[in-house]
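[1] build the 3D model from these lines:
(2 chains)
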2 protein chains.
Amino acid sequence: MTQVVFSAFDYQMMTQAIALAKQGIYTTAPNPNVGCVITKDQAVIGQGAHLKAGQPHAEVYALRQAAEQATGATAYVTLEPCSHYGRTPPCAEALIKAQVARVVCAMQDPNPQVAGRGIQMLREAGIQVDVGLLEQDAINLNPGFIKRMKTGMPFVQLKLAASLDGKTALANGDSQWITGPKARQDVQAYRAKAGAILSTAKTVIDDNASLNVRWQDLPESIQAVYQQDSLRQPVRVVLDRQAKLQNPEYTDLKLWQQQGEILTLHDLAIEVPDPFKSSHQSRAAKVVEQQFDLPSVLKQLADEHNINHIWVEAGAQLAASFIEQNCVDELIIYLAPRLMGTDGRGLTQLCGLSSMNDLIELDIQDVRMVDSDIRLTATIKKK
Amino acid sequence: MTQVVFSAFDYQMMTQAIALAKQGIYTTAPNPNVGCVITKDQAVIGQGAHLKAGQPHAEVYALRQAAEQATGATAYVTLEPCSHYGRTPPCAEALIKAQVARVVCAMQDPNPQVAGRGIQMLREAGIQVDVGLLEQDAINLNPGFIKRMKTGMPFVQLKLAASLDGKTALANGDSQWITGPKARQDVQAYRAKAGAILSTAKTVIDDNASLNVRWQDLPESIQAVYQQDSLRQPVRVVLDRQAKLQNPEYTDLKLWQQQGEILTLHDLAIEVPDPFKSSHQSRAAKVVEQQFDLPSVLKQLADEHNINHIWVEAGAQLAASFIEQNCVDELIIYLAPRLMGTDGRGLTQLCGLSSMNDLIELDIQDVRMVDSDIRLTATIKKK
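    Below you'll find the model as predicted:
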């Protein structure tokens, strides 16, 4: 197999397709973000992005725009065109019908059961297909979709916030305002990209947390491209082992007041009444020694609820469980520019890490200021 | 007074003079870093930097190179030329003798007793003098010299190092290897720039700390421009209230084995024998309630030892004292990419900050990776 040499024009067009794909990062879940550019004689004749599950795919929008000019054209797509009939007919078929001459894909479909079938269909129809242009950028578009397709598990981001001396809360437990308003907007942006926001009943009860995306709290840069009326609420997943939230005393919590789907998970051994709200599902999940078995919880969320990407935001106890059960793909750590002193609650003390024999070593992927706070993106080193 | 409009050529030449000044950042203490470029007909005819106290000033080197061409030339100097006879004759006089036509200074001499006299001398000799080009860059060259000239106090940098969860040491007290080798090289570079490295007898005894600059441990980028044989050792200042280090049991400490000046400070009330090493001076300093009065210690170091710039590297107790006594100009905080858990010693716990009523708020000036560690530069917000 010879190595494909892509031209500068190819790079430029795929870069544009990737930029188009990003238009969907707040809305496509559980579908992947995909962008498509169609060119002829070095000119763009069609472009599109997949914006929402159930709506047409990127290739379809681009082909509609190109219309009969598509004959003999080149299509740049950030993901291998689909080959199966889902909610929409397969894009590979549409490209064949349109008689494009060449298709450039940034990456194969990550699902091992379909990988390459779309490419094969196109090639069998006599279309030149080149794969792998700006592949890493395309992978970065869909960490959750790709992980679920490849492993059956969702991509998990765990949020932590602390002062520079590692304190997560004031002595009175108040932790909501450790970081500044811009960092809190930043958290809203992460929530908005996720398929689910996961927390615990304790956090929902103690903080009366809504766990939703509030359009008015998103950064202005996102508001500018993401209209309020297309706001998608991630599924709110609440670990509620003893089904406390079903208790009548909690019917006034903010959680229930917001629109969007709510999924609570409880211990199989607990008797649970019917949920009192149509948007609320209550499911049993595996519990081991009074702790949720997180790998099986995550598998359940991926398999039964098509959740690609989970944003975990909870107390230090659950954070520690996620770390200890090796269920974290990425840590997002906010450090506030202050020293809180010994009266504050410790990041690792509450994390329950005291039993660990070894230090947890991180790889810092990114560090930047978010207004006056610091944001770190890190992965945990394999031992 | 009209605002001077500098040309693009002026900016270019002063930028070059500032780059020249930086050649001396490891060697000029207690003198300031100064660079000079002399031009004629838009061409450089001389340049120089002040490299070491006692050696010629930047202007002298530049004038020597320009020789008789200096007549009618323009001199760009990062600091107002000196007007007094010190270890060398005044540079203002040399510029007058050389008959330059114009002098551009980035900033006035910060010493209020001399500020403007060099400029006045030049103007009285009929030379055009323009002041203020790239002033902030020139100020950044000499934070210590400028602070001491203006206030009589040295510029203090306090180093802290912790894990991401704010732990400064393992439970056994071993803190030497929290950060990685590149961060430790970075610390060597900070030490090398300082006029003094300040620590405590406890640190010197517990860690057998040398508190010196080790050329072989400097970053390669610095080794490339700073020859080993011109290595300047900052004065090592050790707070040793009870003059423990004079005790014969400590004569084998690494501190004494290294070349360079050592200054120990002890409580006036303590009887202290003659220092046993010629490079060692022992001085009394003000102690209040068993703690050194840090403002008066710093004043003493500035007044009696001409120290502009102090790098403080010690245990968390002393760090807390510096913060509480408002003696820190800049915090340099290294965060290692790990979580150390509850067994580690806390940054603020050891800092003795538990008695503080309020949080300490910081302004982050800079954040960057040093290999796999994070380095923050911060100032403390005034309350």
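[2] in chain A, what residue is nearest chain B?
    Per Cβ to the nearest Cβ, the residue of chain A with the smallest distance to chain B is residue A:166, at 2.7 Å. Glycine gets a C-beta too; all of them are placed from N, C-alpha and C.
[3] what's the closest non-adjacent residue to that residue?
    Take residue A:166 and drop its neighbours on the chain: the residue closest to it by Cβ to Cβ, 6 or more residues apart in numbering or on different chains is residue B:166, 2.7 Å away.
[4] what number of residues lie near that neighbour?
    29 (other Cβ atoms under 10 Å in any protein chain shown).
[5] next one: residue A:87
    Other residues near residue A:87 come to 10 when the count uses other Cβ under 10 Å.
[6] where does the residue nearest to it when sequence neighbours are not counted land in three-state SS?
    Excluding the flanking residues, the one nearest residue A:87 by Cβ to Cβ, 6+ apart is residue A:54, at 5.3 Å. Here residue A:54 is recorded as coil under DSSP: H, G, I helix; E, B strand; the rest coil.
[7] I'd say residue A:54 and residue A:29 touch.
    No. Residue A:54 is not in contact with residue A:29 according to Cβ atoms under 8 Å; the separation is 12.0 Å.
[8] and the two? Which one has more around it.
    Neighbours per residue, other Cβ under 10 Å: of residue A:54 and residue A:29, the larger number sits with residue A:29, 26 against 8.
[9] show me the contacts for that one.
    For residue A:29, the contacting residues are A:53, A:144, A:194, A:195, A:232, A:234, A:308, A:309, by Cβ atoms under 8 Å, 6 or more residues apart in numbering or on different chains.
[10] next up, phi/psi of the residue found closest to the first one once you drop the neighbours it is linked to in the chain, please.
    Going back to what we said before, that points to residue A:53. Setting aside the residues directly before and after it, residue A:53 is nearest to residue A:31 in space (Cβ to Cβ, 6+ apart), at 4.4 Å. Main-chain torsions, residue A:31, degrees, to the nearest 10: phi -80, psi 160.
[11] state the number of residues packed around residue A:31.
    Quick note: residue A:31 (other Cβ under 10 Å) scores 21 neighbours.
[12] and what of residue A:235?
    23.
[13] got the confidence number for it?
    pLDDT for residue A:235: 97.
[14] residue A:128 now?
    Looking at residue A:128, its pLDDT is 97.
[15] circling back: for residue A:178, see how far away the residue nearest to residue A:87 is.
    Going from residue A:54 to residue A:178 by Cβ to Cβ, to the nearest Å gives 39 Å.
[16] so where's the stretch 151-300 of chain A shaky on pLDDT?
    For the stretch 151-300 of chain A, the stretches with pLDDT under 70 are A:169-177.
[17] around chain B, pick out the residues from it.
    When proximity is defined as Cβ under 8 Å from any Cβ of the partner chain, the stretch 151-300 of chain A approaches chain B at A:162, A:163, A:164, A:165, A:166, A:167.
[18] enumerate every residue touching the second one.
    When contacts are counted by Cβ under 8 Å, 6+ apart, residue A:163 touches A:178, A:335, A:336, A:338, A:339, A:340, A:344, B:166, B:359.
[19] and the first one, that's in a strand?
    No. Judged by three-state DSSP, residue A:178 forms no part of a strand; its state is coil.
[20] list the residues that contact it.
    A:161, A:162, A:163, A:168, A:169, A:334, A:336.
[21] which among those gets closest to residue B:320?
    Ranked by distance to residue B:320 (Cβ to Cβ), these are led by residue A:163 at 15.4 Å.
[22] for the closest one, give me phi and psi.
    phi -80, psi 170.
[23] and if you look at residue A:332?
    When quoted as degrees, to the nearest 10, the phi and psi of residue A:332 stand at phi -110, psi 110.
[24] kindly report the same for residue A:222.
    Dihedral angles (degrees, to the nearest 10) for residue A:222: phi -80, psi -40.
[25] look at the residue nearest to residue A:53 and report its pLDDT.
    pLDDT, residue A:31: 93.
[26] who's in contact with it?
    By Cβ under 8 Å, 6+ apart, the contact set of residue A:31 is A:50, A:52, A:53, A:145.
[27] and for residue A:150, the neighbour number?
    Applying other Cβ under 10 Å, we find 12 residues neighbouring residue A:150.
[28] can I take it that it is in a helix?
    Yes. Assessed with three-state DSSP, residue A:150 lies in a helix.
[29] ok, which stretches of the stretch 51-200 of chain A are helices?
    Shown for the stretch 51-200 of chain A, the helices assigned by DSSP state H, counting those that start in this stretch span residues A:58-66, A:91-97, A:117-124, A:135-141, A:143-151, A:181-193.
[30] what sits up against the fifth one?
    Contacts made with helix A:143-151 from outside it, assessed by Cβ under 8 Å, 6+ apart, are listed as A:29-33, A:109-112, A:139, A:153-155, A:194-195, A:302, A:307-310, A:329.
[31] at 7 Å instead, please
    Helix A:143-151 is contacted by residues A:32, A:110, A:111, A:112, A:139, A:153, A:154, A:155, A:195, A:302, A:308, A:309 when judged by Cβ atoms under 7 Å, 6 or more residues apart in numbering or on different chains.
[32] residue A:37: neighbour count?
    Residues contacting residue A:37 under the criterion other Cβ under 10 Å number 27.
[33] what bridges to it?
    residue A:47, residue A:76 (DSSP bridges).
[34] I'd say it and residue A:48 touch.
    No. Taking contacts as Cβ atoms under 7 Å, residue A:37 lies outside contact range of residue A:48: 8.3 Å.
[35] now do the shared contacts for those two.
    Counting by Cβ under 7 Å, 6+ apart, the shared contacts of residue A:37 and residue A:48 are A:20, A:62.
[36] rewinding a little: show me which pair in the contacts of residue A:29 is furthest apart.
    Checking those with Cβ to Cβ, the most distant pair is A:53 and A:194, at 14.9 Å.
[37] those two - which one has more neighbours?
    More crowded of residue A:53 and residue A:194, by other Cβ under 10 Å: residue A:194, with 25 against 17.
[38] list the contacts of the nearest residue to that one once chain neighbours are set aside.
    What sits nearest to residue A:194 in space, not counting adjacent residues and going by Cβ to Cβ, 6+ apart, is residue A:311, at 3.8 Å. The contact partners of residue A:311, taken as Cβ under 7 Å, 6+ apart, are A:157, A:159, A:190, A:191, A:194, A:197.
[39] adding distance to residue A:95, write these out as JSON lines.
    Formatted as JSON lines, the contacts of residue A:311 follow (distance: Cβ to Cβ, whole Å):
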{"residue": "A:157", "distance to residue A:95": "34"}
{"residue": "A:159", "distance to residue A:95": "40"}
{"residue": "A:190", "distance to residue A:95": "34"}
{"residue": "A:191", "distance to residue A:95": "35"}
{"residue": "A:194", "distance to residue A:95": "31"}
{"residue": "A:197", "distance to residue A:95": "37"}
